[in-house]
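Engineer: Got a predicted structure here, sequence first:
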Amino acid sequence: MANLRITLAGLDLDNPIMLASGILDSTPGILQRMAETGAGALITKSISLKPRPGYPGPTTVEIAPGTWINAMGLPNPGLEEFLNEFPLTTLSVPVIPNLVADTPDEFAKLAAGVAAAGAKIAEINLSCPHPKAAYGGSLTAQDPEAAAAVVAATTKHLPVIAKLTPNVADIGTVAVACARAGAAAISAINTLAALDVDPELERPLLGNGFGGLSGVAIRPIGLRKVLEIVQALNHANFDTPVIGMGGISSAEDVVRYLLCGAHSVQIGTSLTGDPEHMSAITRGLAEWMDRKGYRELADFRGRILEWFS
Amino acid sequence: MRYPIPSKIVEITSATAVGHSIWLAPKEPWPSAPTPGQFAMVWLPRPPDGYKPEVCNTVPMSIAGWDNGKVRITIKNLGPTSKALLACQCGDWLGLTGPLGHGFSLDCQHPLLMGGGVGAPPLLYLAQTFAAQGIKPITLLGGTTENEIFHHDEFPGTVELATDDGSAGHHGRVTELLAESSPDRLYSCGPEPMLVNGLQWALRHQVAAELCLERYMACGIGLCGICSLDQDLVCQDGPVFSSERLADSREFGTLLREAGGRVRQLSD
């Protein structure tokens, strides 16, 4: 039997497949349902200090089968109501809050808040491509120093996963800066900055205008960015785990990311309308490993790297 | 694909004091008739004359009718976007993502329908679907006053009204009309306190019931989870839920969520 267990910043996970932030994670009830799908961990929607209502619709549109453009606008009830309501410590799988803010100080306040409430690790959203704020998450992970400053400010309170944007010339440099600042892990990729237009209505397809691209079309981009991050971290002598995501819709897609050196993965878009699809992917990974004769994830993790040395 | 298909307003009809009905012709027709109880995300893509761009948004709305590819939606003036939708003219374009969610079951010989407010439109489509199968439904419709009750002259079968001001039918609540009934199933849509009363009546009289719920929706297509009721997604697993399911709910009748997922107690 394949052993899927992993350790992430000292946290033991049953398997390397996590629910990505912003998908099916807006209420305690739906988070409980996702815990029952067999996910290794659940990342919550992005939490900000103050409540955010989200953008006007359309917020999410399927522009080709399995490929989506979205601008939800980071809807959330704010840190205080989140902490009152969300089960950070009582579910059967670890719950990892995702934090979003405009400045390192605000990020630090969020990190302190969730750490005090029992979170063992947090993901920091350095990379959402569509906040309207002048100095928002979109810019942070495009500047290695700014990203490192947020990591340094938050990691005083608890271990953090730095979630990076693919919208940069060299994602490896940003990942190394975050690792050097003490990030417990790097996750990538967030959605790609995008725009789509309806020709009949002659206007942008999303209520917010701009949005982020996700789903099957971005998988090859995610794989390449993860490989670049893994190579850059190796080159700089960091063994920081990399959590891969972008367009994963099957166990084979999970394998693709692990072959590129990902330590674990997150799944979002492909669960739209089918939360229990998570169980099939988790089962499928074990079946693939059994068929291949692999007992541990480490038996095949990073096998693609030799092609790019 | 869950895409807001451009859809032209081809007819405006059935005006009441609080709104009216529109017929939409999607540029690419839906492949088959929707099930009564299903809904669409209705997008106002452009402000009508005299309105600001901020009114543009999507709103989940029940399907009120279907005619050979044309989709009927009934709009009540409940907020800035629905007010602007009511100002749209024939020839204007909206976006329509749907049909979405799970609708009502149709395996019933003696259906009883109970609606209040914007609960009447999906029940009209349900009644018409029953009538097309040769089944005559009984419908109870409630409202503040007669000219705020949608579609009461359009229902096939028997219709009884209840009004708060006594302007038509029974002077009182629509749920008070339930007393005499013994249907195979109760179908209901409308304000949640009315649904709670309907559920209690159905459980007390061991009548199966299906209730169509309303929740704030940010995506409408099962991605964000903000509309969830306990562990179910109202947009995906609902909006129609059985009485068995709702009898066990912790949130039905007590807890709603607003934009951003903020909690509001229903009694507030």
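Structural biologist: Happy to help now that I have it. Numbering: from 1, shown residues only, chains lettered A, B, ... in the order given.
Engineer: Can you pull out the residues in contact with the helix or strand harbouring B:Phe130?
Structural biologist: Under the criterion of DSSP states H and E, B:Phe130 resides in helix B:120-132. For helix B:120-132, contacts defined as C-beta atoms under 8 Å, 6 or more residues apart in numbering or on different chains pick out B:21, B:36-37, B:39, B:62-66, B:72-74, B:104, B:106, B:108, B:111, B:113-115, B:136-137, B:139, B:141, B:149-152, B:154-157, B:187-190, B:212. All C-beta atoms are positioned from the backbone trio N, CA, C, and that covers glycine.
Engineer: Show me what whichever helix or strand comes after that helix packs onto, helices and strands only.
Structural biologist: The helix or strand immediately downstream of helix B:120-132 is strand B:138-143, counting by DSSP H and E. The elements that strand B:138-143 packs onto, with contact taken as 3 or more C-beta pairs under 8 Å, 6 or more residues apart in numbering or on different chains; DSSP states H and E, are strand B:111-116, helix B:120-132, strand B:158-163.
Engineer: what is the mean pLDDT for the longest one?
Structural biologist: Looking back up the chat, that one is helix B:120-132. Mean per-residue pLDDT for helix B:120-132: 97.
Engineer: And the pLDDT at A:Glu306?
Structural biologist: pLDDT, A:Glu306: 95.
Engineer: low-scoring stretches of the stretch 1-150 of chain B, by residue?
Structural biologist: Counting by pLDDT under 70, the stretch 1-150 of chain B contains no low-confidence segment.
Engineer: Please identify which residue in it comes closest to chain A.
Structural biologist: B:Thr58 (2.9 Å; C-beta to the nearest C-beta).
Engineer: and the stretch 101-250 of chain B, which of its residues are near chain A?
Structural biologist: B:218-226, B:228-233, B:236 (C-beta under 8 Å from any C-beta of the partner chain).
Engineer: Not counting sequence-adjacent ones, nearest residue to the closest residue to chain B within chain A?
Structural biologist: Proximity of chain A to chain B (C-beta to the nearest C-beta) peaks at A:Gly57, 2.9 Å away. Nearest-residue entry for A:Gly57: B:Thr58, 2.9 Å, with adjacent residues in sequence omitted and distances by C-beta to C-beta, 6 or more residues apart in numbering or on different chains.
Engineer: separation between the one you found and A:Leu195?
Structural biologist: According to C-beta to C-beta, to the nearest Å, B:Thr58 and A:Leu195 sit 18 Å apart.
Engineer: For the two, indicate the residue with more neighbours.
Structural biologist: B:Thr58 (27 against 12; other C-beta atoms under 10 Å in any protein chain shown).
Engineer: So what would you say the end-to-end distance of stretch A:201-211 is?
Structural biologist: In stretch A:201-211, first residue to last residue: 18 Å (C-alpha to C-alpha, to the nearest Å).
Engineer: ok, now stretch A:286-297?
Structural biologist: End-to-end distance of stretch A:286-297 (C-alpha to C-alpha): 10 Å.
Engineer: can you give me the mean pLDDT across it?
Structural biologist: The predicted model gives stretch A:286-297 an average pLDDT of 97.
Engineer: May I have stretch B:156-170 exported as CSV, CA atoms only?
Structural biologist: Below are the C-alpha coordinates for stretch B:156-170, written out as CSV (Å, rounded to 0.1, in the frame of the first residue of the first chain):
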residue,chain,number,x,y,z
PRO,B,156,-53.8,26.6,-14.1
GLY,B,157,-56.0,24.7,-11.6
THR,B,158,-57.5,26.1,-8.4
VAL,B,159,-56.0,29.3,-6.8
GLU,B,160,-56.8,30.7,-3.3
LEU,B,161,-55.4,34.0,-2.2
ALA,B,162,-54.6,35.4,1.2
THR,B,163,-53.8,39.0,1.8
ASP,B,164,-52.6,40.9,4.9
ASP,B,165,-55.1,43.8,4.2
GLY,B,166,-58.0,41.6,3.2
SER,B,167,-58.1,43.1,-0.3
ALA,B,168,-58.5,39.7,-1.8
GLY,B,169,-59.3,36.2,-0.6
HIS,B,170,-58.6,35.2,3.0
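Engineer: which residues of the stretch 1-150 of chain A fall in strands?
Structural biologist: Along the stretch 1-150 of chain A, the stretches classed as strands by DSSP state E, counting those that start in this stretch are A:6-8, A:11-13, A:17-19, A:41-47, A:60-64, A:67-70, A:95-99, A:122-125.
Engineer: Can I get these in TSV including distance to chain B, mean neighbour count and mean pLDDT?
Structural biologist: TSV is the format used below for those (distance: least, C-beta to the nearest C-beta, whole Å; neighbours: other C-beta atoms under 10 Å in any protein chain shown; pLDDT from 0 to 100):
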stretch	distance to chain B	mean neighbour count	mean pLDDT
strand A:6-8	23	18	96
strand A:11-13	22	14	95
strand A:17-19	10	27	98
strand A:41-47	8	27	96
strand A:60-64	5	20	97
strand A:67-70	8	25	97
strand A:95-99	14	27	97
strand A:122-125	16	29	97
